[in-house]
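> could you work out the structure for the sequence below:
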Amino acid sequence: MGGVQAAIIGVLGLRMRQMQIRDAEQYRMLAENNRINLQLIAPVRGRILDRYGNVLADNRPTYQVHSDRGGHYRWPGWLERINTARLVRSMSRKASSQDNAACEGFFGRLKTEFFYPRDWRAFTAAPSIDEVDAYIRLHPLI
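Numbering: from 1, shown residues only. Prediction:
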């Protein structure tokens with residue numbers, strides 16, 4: 001049996017040598033062609049119209065204002081201000097915090113990293129706004 005096992009190991013060794021040395025370029029090209037290729041495709045810009053020519057979506061910057069389900073969310077004065085500024089309201093569903101998890105997570109980190117460790121009694125409105133603005137600009141991907 002020793003001779004048969006040696007022959008099998010020999011054949012496997014020769015095949016591995018053939019694949020690794022002689023056919024290396026072929027397998028390198030197969031591996032290269034099997035890669036994931038990312039292609040950035042520029043989004044289509046402009047207005048989206050329905051079949052009657054009514055604008056469904058416009059190409060203008062929009063900003064979301066996130067809120068909890070507080071009373072101000074339906075207050076007419078708040079709604080008027082939001083509409084005048086052309087902002088989009090964002091509110092999570094009742095008992096569904098994952099709807100705005102990114103926003104909720106950012107506010108949680110903002111409080112933990114920025115507000116709680118500081119003594120805000122000496123700050124006035126303008127420097128406080130500048131400090132919050134600097135924090136937000138420092139953490140743009142949160």
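> can you list the domain ranges for this structure.
2-27, 94-142 (automatic domain parsing).
> what's the least confident stretch among those domains?
The minimum mean pLDDT among the domains of the chain belongs to domain 94-142 (a mean of 77).
> buried ones in whichever strand or helix holds Ala101?
Under the criterion of DSSP states H and E, Ala101 resides in helix 101-109. Buried positions in helix 101-109, judged by neighbour count with 16 or more other Cβ atoms under 10 Å: Cys103, Phe106. (Glycine included, C-beta is placed from N, CA and C.)
> one step back: same list (the domains of the chain) but as TSV, adding distance to Leu56.
Formatted as TSV, those follow (distance: least, Cβ to Cβ, whole Å):
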stretch	distance to Leu56
domain 2-27	50
domain 94-142	23
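> relative to Val88, which of the ones you listed is closest?
Proximity to Val88 (Cβ to Cβ) singles out domain 94-142 among the domains of the chain, at 12.5 Å.
> next one: the closest one to chain centre, how far?
Relative to its parent chain, domain 94-142 has a centroid offset of 19 Å by Cα atoms, centre = their mean, to the nearest Å.
> picking that back up, quick one: closest of the domains of the chain to Asn33.
domain 2-27 (10.8 Å).
> so which of the domains of the chain gets nearest Asn54?
Using Cβ to Cβ, these put domain 94-142 closest to Asn54, at 28.5 Å.
> since we're on Leu79, how many residues are nearby?
13 (other Cβ atoms under 10 Å).
> report the separation between it and Val55.
From Leu79 across to Val55, the span is 22 Å (Cβ to Cβ, to the nearest Å).
> cool, and Tyr27?
Taking Cβ to Cβ, one finds Tyr27 at 54 Å from Val55.
> one more: Pro76?
Relative to Val55, and taking Cβ to Cβ, Pro76 is found at 26 Å.
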